[in-house]
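*Asks:* Kindly return the folded structure for what I paste below:
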Amino acid sequence: MNNDFSRLLFAVALITIFMISPVNVQAQAIHRANVEQLAERLELDDDQAEALQDIQDTYLEAYKKVRKSNKKNKEHALADLGMARANRERAILDLLSDAQKDQYLEIREEEKAKMRRRHRPGGK
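*Replies:* Model (predicted):
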């Protein structure tokens, strides 16, 4: 009986791993595509594009860490996420030329406007 339970537990663990992995891989692919699209729009050189990817990867790791460690304390989590976002923004702006900064800030405003429209009743 114990052997059957061990097999069942092992099977459940494997299924869980396989179910979670594709979501993580898909999220990473979307993340990479978004970074590549931004790099293209800002006309970043190869070094800047690589640095942008590193900045975004660092932010995602901080985001995951905050989400795991602050599940019960929402205020603390929001403060930590705000700090991570601010660090990411500062690093991105430090990376860009003045013209790229202007373009980046325009893109950010466009994205904010899209979000406001999406969350407005009727979605328009």
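*Asks:* Tally up the residues packed near the nearest residue to residue 85 once chain neighbours are set aside, please.
*Replies:* Spatially, and ignoring its direct neighbours in sequence, residue 85 is nearest to residue 59 (7.4 Å; Cβ to Cβ, 6 or more residues apart in numbering). All C-beta spots, glycine's among them, are computed from the backbone N, C-alpha and C. The number of residues packed near residue 59 is 19, by other Cβ atoms under 10 Å.
*Asks:* Name the helix or strand for residue 59, please.
*Replies:* Assigned by DSSP states H and E, residue 59 falls within helix 46-69.
*Asks:* mind listing the helices for the protein?
*Replies:* 2-41, 46-69, 74-95, 98-118 (DSSP state H).
*Asks:* circling back: could you check the angle the helix holding residue 59 makes with helix 98-118?
*Replies:* Between the axis of helix 46-69 and that of helix 98-118 there is an angle of 40 degrees, by axes from the mean of the first three to the mean of the last three Cα atoms, to 10 degrees.
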